[in-house]
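Visitor: with the sequence up front, the predicted model follows.
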There are 2 protein chains.
Amino acid sequence: MAQNIYDDPEFFDNYARLPRSQQGLDAAGEWPAIRALLPEMDGLDVVDLGCGYGWFCRWAAEAGAASVLGLDVSTKMLERAAADTDDARVEYRREDLDEVELAARSFDLVYSSLTLHYLVDVSRLFVVIAQALREGGRMVCSVEHPLYTAPSRPAFFQHDGRIVWPLDEYSLEGERITNWLAEGVVKQHRTVATYVNALADAGLAMTRMVEWAPTRADVDAHPDWAIEVHRPPFLLLAAQLS
Amino acid sequence: MAQNIYDDPEFFDNYARLPRSQQGLDAAGEWPAIRALLPEMDGLDVVDLGCGYGWFCRWAAEAGAASVLGLDVSTKMLERAAADTDDARVEYRREDLDEVELAARSFDLVYSSLTLHYLVDVSRLFVVIAQALREGGRMVCSVEHPLYTAPSRPAFFQHDGRIVWPLDEYSLEGERITNWLAEGVVKQHRTVATYVNALADAGLAMTRMVEWAPTRADVDAHPDWAIEVHRPPFLLLAAQLS
């Protein structure tokens, strides 16, 4: 199974302090771009893979979803999600996404935010997603962009008077160990092509790709985001069962 | 129109000395990966956008294509292509790909190698390609990878004991001026997402993406290619009229 870093006390405490943990979807820079990829939620059966605190699950229910199933491997996240949710249409369940099974033809929308880069085998999950979707069903996900996960030393620095991102090892897929919020966080680096081809192989036709970067308005509101135009932090993918 | 650098005498002379110019397709590292994306050529009507010396046009005809039309903006390239070709199935024509029109439903395969990153408007060309393809027709193209075109100073260097590629300005699309084979070569940087979404918008369903990097066997045969695993030089896209 993938590392369950979210149940690590240090990681969990630091994660809890992030703006997106405290303020939810609107504090996530990429949320407007994700929302633009989502279908109308009215009457949909939705599953959220890696639901965390349940912010999206509650939003989906409020937006009209018929049912929302939130899955996560972290017991701590699920406890907090359940405590924060008071909606009979939302259900949470502990699942390891490297081994999850989903009922066939049961969902209209599969959603996943910043989770798949922890999984060892994304191809298997895309096949599970494809068989769980109803005809015409959609998948919308975000992952840490492969440009973000690739480098052996992922940190901007000054070079020759410019800010640069030290890209290396892009084509060498596999484990990356970083010290984000805690020491020894294990992520799985894979290329953009690997994500895209795994979707196609699973019968999920990609309808949109977004390499998220801040807009001018984003930078005006959050000057510290400006650096992200040099290297997109998030990759968003929308696909439909073909 | 896009810059016609191939008719620049210095560029043309330096280009003529590249292995792929002198020895053809087999001297291009990415050719085996491109070939794997191509359909059986038997009986196909093919157009090559940016045909250069005509290496691919001659290969396609020898592989059984019914007709091959090679288009290029460079008079010098076309003269050399015509001089090197003795096959009635192959025809060459001068065209500016930023303005080209193609007869409707006339081709089974549109091919383009390392050309589209010179074009100002790739969306327009993808629409032209889509209407020129017959039902089920395919497009296979390679471009300089957006990671290759993005940086303001595109050259590997040593940082902290490692070789890194100084990525910056990835999300800032537009002109890039480099000094490859000649001074002041103008390319158009666009993101991976822009290529992919332009295909989808034109009704071309992407079937495969390859971010080309050398294999272990490639590196054994060409040790100087090893550095390319840090930053893929070529992006290959295969799509089918949907």
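Guide: The structure has been received and is ready for your questions. Numbering: from 1, shown residues only, chains lettered A, B, ... in the order given.
Visitor: around chain B, pick out the residues from chain A.
Guide: Within reach of chain B by CB under 8 Å from any CB of the partner chain, chain A has these residues: A:147, A:151-153, A:157, A:159-160, A:162-172, A:191-193, A:196-197, A:200, A:205-211, A:213, A:228-232. (Glycine included, C-beta is placed from N, CA and C.)
Visitor: out of those residues, which sit inside strands?
Guide: A:157, A:159, A:162-167, A:205-211 (DSSP state E).
Visitor: what about A:A103, neighbour count?
Guide: 10 (other CB atoms under 10 Å in any protein chain shown).
Visitor: next one: A:E101
Guide: A:E101 has 9 nearby residues by other CB under 10 Å.
Visitor: how about it, secondary structure?
Guide: coil (DSSP: H, G, I helix; E, B strand; the rest coil).
Visitor: in space, what's closest to it - neighbours in sequence excluded?
Guide: Distance criterion CB to CB, 6 or more residues apart in numbering or on different chains; nearest residue to A:E101, sequence neighbours excluded, is A:V128 at 6.6 Å.
Visitor: show me where chain A dips below the pLDDT cut-off.
Guide: Scanning chain A with the threshold set as pLDDT under 70 gives A:1.
Visitor: ranges for the helices of it?
Guide: A:9-16, A:19-23, A:31-37, A:55-62, A:75-84, A:122-132, A:146-149, A:192-201, A:216-221 (DSSP state H).
Visitor: show me what the fourth one is packed up against.
Guide: Other elements packing on helix A:55-62 under the criterion 3 or more CB pairs under 8 Å, 6 or more residues apart in numbering or on different chains; DSSP states H and E are strand A:45-49, strand A:67-72, strand A:90-94, strand A:107-113.
Visitor: next one: the second one
Guide: For helix A:19-23, the contact count by 3+ CB pairs under 8 Å, 6+ apart identifies no helix or strand as a packing neighbour.
Visitor: residues in contact with that helix?
Guide: Helix A:19-23 is contacted from outside by A:15-16, A:27-28, A:52-53, A:55, using CB atoms under 8 Å, 6 or more residues apart in numbering or on different chains.
Visitor: closest one of these to A:A81?
Guide: A:Y53 (5.3 Å; CB to CB).
Visitor: A:L114 and A:G50 touch, don't they?
Guide: Yes - taking contacts as CB atoms under 8 Å, A:L114 lies within contact range of A:G50: 7.3 Å.
Visitor: between these two, which is the more surrounded one?
Guide: Remark: of A:L114 and A:G50, A:G50 carries more neighbours, 24 against 17, as counted by other CB under 10 Å.
Visitor: how close does the closest residue to that one other than its chain neighbours sit to chain B?
Guide: Nearest residue to A:G50, sequence neighbours excluded (CB to CB, 6+ apart): A:T115, at 2.8 Å. In this view, A:T115 and chain B are 20 Å apart by CB to the nearest CB, to the nearest Å.
Visitor: of the contacts of helix A:19-23, closest to B:A63?
Guide: Of the contacts of helix A:19-23, the one sitting nearest to B:A63 (CB to CB) turns out to be A:A28, at 50.2 Å.
Visitor: got the contact list for the residue of chain A positioned farthest from its centre?
Guide: Residue farthest from the centre of chain A, counting by CA atoms, centre = their mean, is A:D160 at 34.4 Å. Counting by CB under 8 Å, 6+ apart, A:D160 makes contact with B:153, B:166.
Visitor: same thing with A:G29?
Guide: By CB under 8 Å, 6+ apart, the neighbours of A:G29 are A:212, A:214, A:218, A:222, A:225, A:228.
Visitor: JSON lines for those residues, including neighbour count?
Guide: Shown next, in JSON lines, are the contacts of A:G29 (neighbours: other CB atoms under 10 Å in any protein chain shown):
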{"residue": "A:W212", "neighbour count": "23"}
{"residue": "A:P214", "neighbour count": "22"}
{"residue": "A:D218", "neighbour count": "18"}
{"residue": "A:H222", "neighbour count": "13"}
{"residue": "A:W225", "neighbour count": "16"}
{"residue": "A:E228", "neighbour count": "23"}
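Visitor: coming back round to it: surely the residue nearest to A:E101 touches A:V100?
Guide: Yes - contact between A:V128 and A:V100 holds when scored by CB under 8 Å: they sit 6.4 Å apart.
Visitor: so what touches the longest strand anywhere in chain A?
Guide: Assignment by DSSP E gives strand A:133-144 as the longest strand of chain A. Residues outside strand A:133-144 that contact it (CB under 8 Å, 6+ apart) are A:30, A:34, A:37-39, A:49, A:105-117, A:129, A:187, A:195, A:199, A:204, A:207, A:212, A:233-241.
Visitor: just give me the neighbour total for A:A239.
Guide: A:A239, neighbours per other CB under 10 Å, totals 27.
Visitor: spit out the contact partners of the spatially closest residue to it that is not a sequence neighbour.
Guide: Nearest-residue entry for A:A239: A:L204, 3.9 Å, with adjacent residues in sequence omitted and distances by CB to CB, 6+ apart. Applying CB under 8 Å, 6+ apart, we find A:L204 in contact with A:126, A:129-130, A:139, A:239-242.
Visitor: again, but for A:Q158
Guide: A:V164 are the contacts of A:Q158 under CB under 8 Å, 6+ apart.
Visitor: what about the nearest residue in space to A:V127 that is not next to it in sequence, how many neighbours?
Guide: In space, A:V127 comes closest to A:A202 once its chain neighbours are excluded; the distance is 4.8 Å by CB to CB, 6+ apart. Using other CB under 10 Å, A:A202 is surrounded by 22 other residues.
Visitor: isn't A:A202 up against A:A132?
Guide: No - at 10.9 Å, A:A202 and A:A132 do not qualify as touching, with contact defined as CB under 8 Å.
Visitor: what's the angle between the longest strand of chain A and strand A:204-212?
Guide: 30 degrees (axes from the mean of the first three to the mean of the last three CA atoms, to 10 degrees).
Visitor: so which bits of strand A:133-144 are buried?
Guide: A:133, A:137-144 (16 or more other CB atoms under 10 Å in any protein chain shown).
Visitor: can I get those in CSV with distance to A:S67?
Guide: Shown next, in CSV, are these (distance: CB to CB, whole Å):
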residue, distance to A:S67
A:L133, 15
A:G137, 14
A:R138, 16
A:M139, 17
A:V140, 17
A:C141, 19
A:S142, 22
A:V143, 25
A:E144, 29
